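Chemist: give the three-dimensional model of this entry:
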Amino acid sequence: MRRFRRWYGSSPLHLLALAGCFALAWYAGSRLLDQEALRVALWFAGAAVVHDLLLFPLYSAVDRGAQAVLPATTTDAPSRPAYINYLRFPAFGSAVLFLVWLPLILGLVDGFAATTGLDESVFLPRWLLVTAILFALSALVLGIRLLRDRLALRRREGQGGAGARPRAEPGGETRPAGRTRRGRQVAGRLGRVPGRGGAGG
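Modeler: Numbers count the residues shown, from 1 in each chain. Predicted coordinates:
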């Protein structure tokens, strides 16, 4: 397993998932190219140009603005999640669905009722519903993670506080848990502990 990770850079499951994605893309591409190869090629070329010249600068600017507004991960709490990631996931899923079903969501085309079996007016409400569900699930996962981190922090603080309680001396005095007998002897020799060889002894 280590040799495979050193050669590939990740786990075998990652390689299997990547191979499945390539197989699915090859199957979809072969079906599309068999029917309308020229229109599919033009669509891919146009999508690449529109993405690089319009969409990429747009969502990059939105992402930078969201990072400036949302709280970031701090150094004193390394386990705190990066809040921007819980906004990126639902936004990305909603945007992909919108781009795929853009003509039907905006009602730009007619005649798809016979193909889809649905009225054209249902696509916009359903896309909004799916978007709301994605954001709600992302917020739920974030809330669970924050609650888990808070409970873990309280548990660590409780364990650290229990070990710092002062211990009782034979004479009824208390001393910090970290002080040893050797330290008391050295302090007595220096005159810092009254009655133990101090300067006024």
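Chemist: mean confidence score for the helix or strand hosting residue 34?
Modeler: Using DSSP states H and E, residue 34 maps to helix 12-50. The pLDDT scores in helix 12-50 average 84.
Chemist: repeat for stretch 121-128
Modeler: The predicted model assigns stretch 121-128 a mean pLDDT of 90.
Chemist: elements contacting the helix holding residue 34?
Modeler: Contacts defined by 3 or more C-beta pairs under 8 Å, 6 or more residues apart in numbering; DSSP states H and E place helix 12-50 against helix 2-8. Yep, even glycine has a C-beta here, placed from its N, CA and C like the rest.
Chemist: mind listing what's buried in the helix or strand where residue 137 lies?
Modeler: Assigned by DSSP H and E, residue 137 falls within helix 123-162. For helix 123-162, the buried set under the neighbour-count rule, 16 or more other C-beta atoms under 10 Å, comprises 123, 127, 131, 134-135, 138.
Chemist: nearest to residue 156 among those residues?
Modeler: Looking at those and their distance to residue 156, the nearest is residue 138, at 27.2 Å (C-beta to C-beta).
Chemist: how close does the residue nearest the centre of the chain sit to residue 2?
Modeler: With distances taken as C-alpha atoms, centre = their mean, the residue of the chain nearest its centroid is residue 85 (4.7 Å). The gap separating residue 85 from residue 2 is 29 Å, by C-beta to C-beta, to the nearest Å.
Chemist: what's the answer for residue 46, then?
Modeler: To residue 2, residue 46 is 45 Å away according to C-beta to C-beta.
Chemist: who's more crowded, those two?
Modeler: residue 46 (10 against 6; other C-beta atoms under 10 Å).
Chemist: give me the below-cutoff pLDDT ranges for this structure.
Modeler: Judged by pLDDT under 70, the chain has its weakly predicted residues at 71-81, 111, 113-115, 161-201.
Chemist: at 80 what do you get?
Modeler: Applying pLDDT under 80 to the chain picks out residues 1-6, 8, 29, 32-37, 40, 70-82, 108-120, 160-201.
Chemist: for residue 11, give me its contacts.
Modeler: Listed by C-beta atoms under 8 Å, 6 or more residues apart in numbering, the contact set of residue 11 reads residue 5.
Chemist: can you pull the contacts of the closest residue to residue 130 other than its chain neighbours?
Modeler: Nearest residue to residue 130, sequence neighbours excluded (C-beta to C-beta, 6 or more residues apart in numbering): residue 97, at 6.4 Å. By C-beta under 8 Å, 6+ apart, the contact set of residue 97 is 127, 130-131.
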